[in-house]
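Novice: Sequence first, then the predicted structure:
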Amino acid sequence: MIPALSRRALLAATPVALGGVLLEGAPTLATRPAWDEGVPDAYPTQDPEIVREVVGKSHFDLDRVRALVEPRPELARAAWDWGFGDWETALGAASHTGRREIAEYLVEKGARPDLFTFAMLGHVDVVRALVAAQPGIQRLPGPHGITLLAHAQAGGERARETVAFLERLGGADARPVDLPLDEAVRRELLGRYVFGAGERDRFEVDVDRNDQLSLCRAGGVSRALFHRGDREFHPAGAPSVSVRFAPVNGVARELEIHNPELVLRAARS
């Protein structure tokens, strides 16, 4: 009795056909690198871990960006949500960190430059034209809420004229509200807040490398918090989100995150 073959196994054993003609020696699924546990559910979209890495490395690591993008140039247009809708492209990462070589490489590979990239690269004529075409556009924040003027300043000497233009124009450096927070209150908020039984069902409130209060889901990426007042904050790049703390006897006992579509409550552990 001939054993039954799955459709996948049958395809793997069949030479590739083009226009009805079998190509001798053409690679089959059986001879190509395979996933250890079958085809991912997300396929054919690109691997989220690779997308996240290329956006992360575009902040500082040209060699790694090249290694990731050369075999798949489409990654030059990759974008990642760092949390609460704080979307950033690989080119956006290179732009706000002033990584000219990375930005120019990504554009060469198909990334789409925007106002923030042109500002960092020092293309003042392009910036002027965009402002003339869309008055007030200089007020738009970039990834993580970083201003247009900050992008131009990241471009260094070659963007000096762009910096001067934006300073004369005004409105290009409107930073998020971040009211002073008493040190005793800040210490009161630090800690772990749990909202479920899963391994990742918790948030850590800590202080980041810039001495900014931050929020991080277990296994995730830390997000800076900006103080609106009365122990209410919003995460970097997501002003529509509200993070609130409920203190009892001088210690925050509960954390609430208000997204437009839901409210998450986590208890201090």
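Specialist: Now that the structure is in, tell me what you want to look at.
Novice: element containing the residue nearest to Thr97 when sequence neighbours are not counted?
Specialist: When the adjacent residues along the chain are set aside, Thr97 lies closest to His59, with 4.9 Å between them (C-beta to C-beta, 6 or more residues apart in numbering). Yep, even glycine has a C-beta here, placed from its N, CA and C like the rest. Counting by DSSP states H and E, no helix or strand carries His59.
Novice: Verify the stated contact: His59 with Arg99.
Specialist: Yes - under the criterion of C-beta atoms under 8 Å, His59 makes contact with Arg99 at 7.0 Å.
Novice: which residues of the stretch 1-150 of the chain score low on pLDDT?
Specialist: Along the stretch 1-150 of the chain, the parts satisfying pLDDT under 70 run over 1-36.
Novice: Let's see that with 50 instead.
Specialist: 1-32 (pLDDT under 50).
Novice: where do the strands sit along it?
Specialist: For the stretch 1-150 of the chain, applying DSSP state E, counting those that start in this stretch gives strands covering 17-18, 21-22, 79-81, 87-89.
Novice: At which residues are the helices of the chain located?
Specialist: 7-12, 48-57, 62-69, 90-96, 100-108, 115-121, 124-133, 148-154, 160-169, 183-189 (DSSP state H).
Novice: Reformat the ones you listed as CSV; add distance to Glu232 and mean neighbour count.
Specialist: Formatted as CSV, these follow (distance: least, C-beta to C-beta, whole Å; neighbours: other C-beta atoms under 10 Å):
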stretch, distance to Glu232, mean neighbour count
helix 7-12, 53, 12
helix 48-57, 29, 18
helix 62-69, 38, 17
helix 90-96, 26, 28
helix 100-108, 36, 19
helix 115-121, 28, 26
helix 124-133, 33, 15
helix 148-154, 25, 24
helix 160-169, 31, 17
helix 183-189, 11, 14
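Novice: The ones you listed: which one's closest to Gly220?
Specialist: helix 48-57 (10.8 Å; C-beta to C-beta).
Novice: Please find the angle between the direction vectors of the closest one and helix 100-108.
Specialist: Angle of helix 48-57 versus helix 100-108, following axes from the mean of the first three to the mean of the last three C-alpha atoms, to 10 degrees, is 130 degrees.
Novice: Mind listing residues that contact helix 48-57?
Specialist: The contact list for helix 48-57, computed with C-beta atoms under 8 Å, 6 or more residues apart in numbering, reads 42, 64-65, 68-69, 75, 78-80, 88-90, 93.
Novice: now the angle between helix 62-69 and it, please.
Specialist: 150 degrees.
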